[in-house]
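1. here is my input, please return the structure:
(chains A and B)
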Number of protein chains: 2
Amino acid sequence: MLADLMKRNRSYRRFQESERIDMATLRELVNLARLSASGSNIQPLKYVLACEPEMNAKIFPCLAWAGYLKEWDGPAEGERPSAYIVILGDREISSSFGVDHGIAAQSILLGATEKGLGGCMIASISHDKLRKNLAIPDRYEILLAIAL
Amino acid sequence: MLADLMKRNRSYRRFQESERIDMATLRELVNLARLSASGSNIQPLKYVLACEPEMNAKIFPCLAWAGYLKEWDGPAEGERPSAYIVILGDREISSSFGVDHGIAAQSILLGATEKGLGGCMIASISHDKLRKNLAIPDRYEILLAIAL
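-> Prediction:
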């Protein structure tokens, strides 16, 4: 039942980093987002998928973890996410993205929960740093990161 | 399975208006939104619930239906929504609402789909008219309407 899924879908910030998540799983999750509503059905979202330690290491330091916990720098080595889905907005498709990325992120996290995974939406991102680390073209606005 | 729910969750714009939806059902749907993620866990969203014809009639003319269909004024009498959930942002709690209402709306619509209902998120709203018709105080920003 959906209500159970909603309850299980918490915002996790410590992960079992050694549990790898494969690219096929990430694609399945993005497929749920693809099936979700988009304002005026413009579908301007694009996704960066990461599940290899090397690429994960480029994303992790660009994210701010739990702003309320001033003493906590985020998850330690071994407890960091084993995968990420970064949601981008394609400026060649639209100049504004409304709440499309919120809708998509909720679909992705519910899908992850159903698969027994846990994750967290992170909007507090060092945009310039992430753009540089992943060589994201200016065409794409960085909207949201999902850590898994 | 969640993927089936996602596929069934289309954006419906013609409704079985005579099929009433009761207040308890709307509260259950809002409860799903309440369990969903909120940026910094600020939880600034409030909800107006409508399921009586008189109140529905105050909401319907404030919504724009399918901008692409220039020839279509929206659903005819008898095919109009039998309930609405209007999502508001409480400015006394936060000045910005991020994508909280997108996350909440997706939870609500997936919940509605699971119950065999169909609906549509509508962001194109005559804000002033809706504020007046429902006597919504200035404290609340009108963010999104969900028609069911």
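2. just want the angle from the longest helix along chain A to helix B:100-114.
-> Ranked by residue count, the top helix of chain A under DSSP state H comes out as helix A:100-114. For helix A:100-114 against helix B:100-114, the angle by axes from the mean of the first three to the mean of the last three CA atoms, to 10 degrees is 50 degrees.
3. can you name the element that comes right after helix A:100-114?
-> As assigned by DSSP states H and E, the chain's next helix or strand after helix A:100-114 is strand A:120-122.
4. residues in contact with stretch A:118-138?
-> Residues from elsewhere that reach stretch A:118-138, judged by CB atoms under 8 Å, 6 or more residues apart in numbering or on different chains: A:10-13, A:15, A:48, A:55, A:58-59, A:61-65, A:67, A:81, A:86, A:88, A:91, A:105, A:108-109, A:112, A:142-148, B:37, B:39, B:98-99, B:103. For the C-beta atoms, the positions are set from N, CA and C on the backbone; glycine is no exception.
5. again with stretch A:1-17
-> By CB under 8 Å, 6+ apart, the residues outside stretch A:1-17 that reach it are A:65-66, A:74-75, A:77-82, A:109-110, A:112-114, A:118-121, A:147-148, B:2, B:5, B:31-32, B:35-37, B:41, B:107, B:110-111, B:114.
6. do that again at 6 Å, thanks
-> Residues outside stretch A:1-17 that contact it (CB atoms under 6 Å, 6 or more residues apart in numbering or on different chains): A:65-66, A:75, A:78-82, A:109-110, A:113, A:118, A:120, B:32, B:35, B:37, B:110-111, B:114.
7. which neighbours in the sheet does the helix or strand residue A:89 falls within have, and how are they oriented?
-> Following DSSP H and E, one finds residue A:89 within strand A:84-90. Its sheet considered, strand A:84-90 pairs with strand A:45-50 (antiparallel), strand A:140-147 (antiparallel) by DSSP bridges.
8. tell me the mean pLDDT for the shortest one?
-> Right, the one you point to is strand A:45-50. Average pLDDT, strand A:45-50: 98.
9. after it comes which helix or strand?
-> Next along from strand A:45-50, by DSSP H and E: helix A:53-59.
10. returning to that earlier point: any of the contacts of stretch A:118-138 buried? List them.
-> A:12-13, A:15, A:48, A:55, A:58-59, A:62-63, A:65, A:81, A:86, A:88, A:105, A:108-109, A:112, A:142-148, B:37, B:39, B:98-99, B:103 (16 or more other CB atoms under 10 Å in any protein chain shown).
11. picking up where we left off before, show me what the longest helix of chain A is packed up against.
-> helix A:2-8, helix A:23-34, strand A:140-147, helix B:2-8, helix B:100-114 (3 or more CB pairs under 6 Å, 6 or more residues apart in numbering or on different chains; DSSP states H and E).
12. need the ones you listed in CSV with distance to residue B:21 and mean pLDDT, can you?
-> Listed next are the helices and strands packed on helix A:100-114 as CSV, based on distance: least, CB to CB, whole Å; pLDDT from 0 to 100:
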stretch, distance to residue B:21, mean pLDDT
helix A:2-8, 17, 95
helix A:23-34, 26, 98
strand A:140-147, 32, 98
helix B:2-8, 17, 95
helix B:100-114, 9, 98
